[in-house]
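Engineer: have a look at this fold, sequence not included:
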């Protein structure tokens, strides 16, 4: 806790990872009145956060001693493990009773292991994957798929409420949040690939693609992803709103999870191959609708080009 | 044209195929004031239609001489070709200027060929696949994805308006309607398979499936098919609303089309394998959400059972 200028007590939160999602989440926490420390390996990102009124972490492991809530917005399980248990990891210095809010998408089994290791030190772990994208992160309007002990939820609550409009409470231990997020990512990843397979087949057949969009979005073939991503293809604009490599990662996690559980995932496996093809062809950091360009390259179909 | 009892001129329509879709379409035509002849290989279906006030065809090739509009609601391209050009086919006896409205889902190349053969005899061909299911067919609320000459549309118009609330006009020759329908079926078929892959993986992980449904339908992983079909899995009720074998057929057409165009469809191909597995396991006439039962059998996951 810290005493603010007005004498009110404000909670101290640290946000680790100030990328497009983390920056918005950190600023949402600030806006809600928390005292927010920001950490990132990019000095530019930290400088932008300080300009926006945030405080820069100087020594993460030391600075988190004062934090009630640490929100980790790193890329994957390995980085999450590094933040907690790597050299200069914060598991040793977080104070007992504080909560670590983990937002990276990961295998539920890893979330359970990290939670157990951290809880053994008296620190709460909230398994809290996010969805909604950068624009909603900036507005504090994310969806959070969370699971953890009632105590973890209680300590994290002011941060959850500041960052999200919808917080699903999916179970009383870590792993459920991660599992729900993986189910969503399986569907999202397959639906983007299916949308690209379909729209490029339509192009190959010479159909009016704007009309295809109109008909499909009003029909039983529609998906949230078709509706959201196909406009990028129609505009020929592959500026990354969400990158191909996100699904290389997330469908990769699905493959690993499913393999270890002896669960066959033929649809996800086929989709992953298309993301790998796009990434291998140099489009890993382009928008995930770039799978349409791979289908076009493989088949000689012609897709719309970006207007100058 | 026929003179009705009140002296008004009513168009004569013939409906070939009085299954769950065709019966509803025929009755919608009657309700709209057309004089409707019904034909089906099942005598029971014809008897039901006569009970409902329709007229039974006695000799199809003879009776269609008087029809302005023939609506074909058979299963596939082969049956459509049989109706037109088989022994006792109606292509020879339909009167010039009448229109053949073809609603079976088929390869666009076949639709183009059938249209050219029929148009050579002076008969119009409207390529008019339908979607919406039996309940909407009965109410005259289908969606029709149609293409054909302006003359074909003009002659068919009273029937289209009677059968559908939404008629897409997708091009001025046959083939476009079929192509749009195939794009929709590609997506619909992949989305059902993905929904079953995801919900059964969730079951395998011990997640609360009702909660999965709640979270996914509010998230980016949603699809029209997930939202529509997963309640069948949650209820353990595989009474066929739309059968597995429909997608064995439709994704089969996609495979053939895509192969002949040298267009790779890895997602559709993976999905087709799952429909084949379900059909091969004896579930071909069960609801298409039965793919979830195949995933469960393959992985040992436990799905909800139907309440007694």
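Structural biologist: Sure thing, it's come through. Source: prediction; values computed, not measured.
Engineer: and residue A:110, how many neighbours?
Structural biologist: 22 (other C-beta atoms under 10 Å in any protein chain shown). C-betas here are computed from N, CA, C, even on glycine.
Engineer: that one: which element?
Structural biologist: Using DSSP states H and E, residue A:110 falls within helix A:108-119.
Engineer: C-terminal to that helix, what's the next element?
Structural biologist: strand A:124-127.
Engineer: buried ones in that following strand?
Structural biologist: A:124, A:125, A:126, A:127 (16 or more other C-beta atoms under 10 Å in any protein chain shown).
Engineer: pretty sure residue A:13 contacts residue A:66?
Structural biologist: No - in this structure, residue A:13 is not within contact of residue A:66 by C-beta atoms under 8 Å, at 10.3 Å.
Engineer: which one's more surrounded, the two?
Structural biologist: A count of neighbours by other C-beta under 10 Å puts residue A:13 above the other of residue A:13 and residue A:66, at 28 against 15.
Engineer: mind checking the SS state of the more buried one?
Structural biologist: Using DSSP: H, G, I helix; E, B strand; the rest coil, the structure places residue A:13 in strand.
Engineer: got the contact list for the helix holding residue A:110?
Structural biologist: For helix A:108-119, the surrounding residues in contact (C-beta atoms under 8 Å, 6 or more residues apart in numbering or on different chains) are A:77, A:80-81, A:84-85, A:91, A:94, A:100, A:102, A:124-125, A:127, A:148-149, A:173-179, A:182, A:257, A:260, B:205.
Engineer: near the closest residue in space to residue A:172 that isn't next to it in sequence, how many other residues are there?
Structural biologist: Setting aside the residues directly before and after it, residue A:172 is nearest to residue A:149 in space (C-beta to C-beta, 6 or more residues apart in numbering or on different chains), at 6.0 Å. Residues near residue A:149, counting by other C-beta under 10 Å, number 18.
Engineer: now do residue A:149 against chain B, distance only.
Structural biologist: 18 Å (C-beta to the nearest C-beta, to the nearest Å).
Engineer: repeat for residue A:96
Structural biologist: According to C-beta to the nearest C-beta, residue A:96 stands 30 Å off from chain B.
Engineer: same thing with residue A:111?
Structural biologist: Taking C-beta to the nearest C-beta as the measure, residue A:111 and chain B are separated by 12 Å.
Engineer: element containing the residue nearest to residue A:271 when sequence neighbours are not counted?
Structural biologist: Leaving aside its sequence neighbours, residue A:271 sits nearest to residue A:193 (C-beta to C-beta, 6+ apart; 3.9 Å). Take DSSP H and E as the rule and residue A:193 turns out to sit in helix A:176-204.
Engineer: cool, and residue A:100?
Structural biologist: strand A:99-102.
Engineer: that strand - contacts with which helices or strands?
Structural biologist: strand A:69-72, helix A:108-119, strand A:124-127, helix A:150-163 (3 or more C-beta pairs under 8 Å, 6 or more residues apart in numbering or on different chains; DSSP states H and E).
Engineer: that one: partners in the sheet, and parallel or antiparallel?
Structural biologist: strand A:69-72 (parallel), strand A:124-127 (parallel) (DSSP bridges).
Engineer: run through chain A and note the low-pLDDT ranges.
Structural biologist: Counting by pLDDT under 70, the low-confidence segments of chain A come to A:1-10.
Engineer: quick one: residue A:60 from chain B, how far?
Structural biologist: For residue A:60, the distance to chain B (C-beta to the nearest C-beta) stands at 32 Å.
Engineer: which residues does the nearest residue to that residue once chain neighbours are set aside contact?
Structural biologist: Excluding its sequence neighbours, the residue lying closest to residue A:60 (C-beta to C-beta, 6+ apart) is residue A:39, at 5.2 Å. Applying C-beta under 8 Å, 6+ apart, we find residue A:39 in contact with A:14, A:15, A:16, A:17, A:18, A:46, A:56, A:57, A:60, A:63.
Engineer: wait, doesn't the first one sit right on residue A:63?
Structural biologist: Right, the one you point to is residue A:14. Yes - counting by C-beta under 8 Å, residue A:14 touches residue A:63, with 6.6 Å between them.
Engineer: overlap in contacts of those two?
Structural biologist: What both residue A:14 and residue A:63 touch, as defined by C-beta under 8 Å, 6+ apart, is the set A:37, A:39, A:57.
Engineer: need those residues in TSV (columns: distance to residue B:293 and secondary structure).
Structural biologist: Compiled in TSV, the shared contacts of residue A:14 and residue A:63 are given as follows (distance: C-beta to C-beta, whole Å; DSSP: H, G, I helix; E, B strand; the rest coil):
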residue	distance to residue B:293	secondary structure
A:37	51	strand
A:39	48	strand
A:57	52	coil
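Engineer: closest one of the residues you listed to residue B:248?
Structural biologist: Nearest to residue B:248 out of the shared contacts of residue A:14 and residue A:63 is residue A:39 (C-beta to C-beta; 54.2 Å).
Engineer: show me which residues of the stretch 201-308 of chain A sit near chain B.
Structural biologist: Contacts of the stretch 201-308 of chain A with chain B, taken as C-beta under 8 Å from any C-beta of the partner chain, map to A:201-202, A:204-205, A:207-208, A:211-212, A:215-216, A:218-226, A:228, A:258, A:261-271, A:273-274, A:295, A:298-301.
Engineer: Throw together a PyMOL command that grabs the buried residues out of the residues you listed.
Structural biologist: To isolate the buried ones among those in PyMOL, judged by 16+ other C-beta under 10 Å, type:
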select buried, chain A and resi 201+202+204+205+207+211+212+215+216+219+220+221+222+223+224+225+226+228+258+261+263+264+265+266+267+268+269+270+271+274+295+299+301
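Engineer: so which of the residues of the stretch 201-308 of chain A next to chain B are in helices?
Structural biologist: Applying DSSP state H to those, the entries found in helices are A:201-202, A:204, A:211-212, A:215-216, A:224-226, A:228, A:258, A:266-271, A:273-274, A:295, A:298-299.
Engineer: helices of the stretch 1-150 of chain A, start to end?
Structural biologist: Taking DSSP state H, counting those that start in this stretch as the test, the helices found in the stretch 1-150 of chain A are A:20-31, A:43-51, A:60-63, A:77-85, A:108-119, A:133-138, A:150-163.
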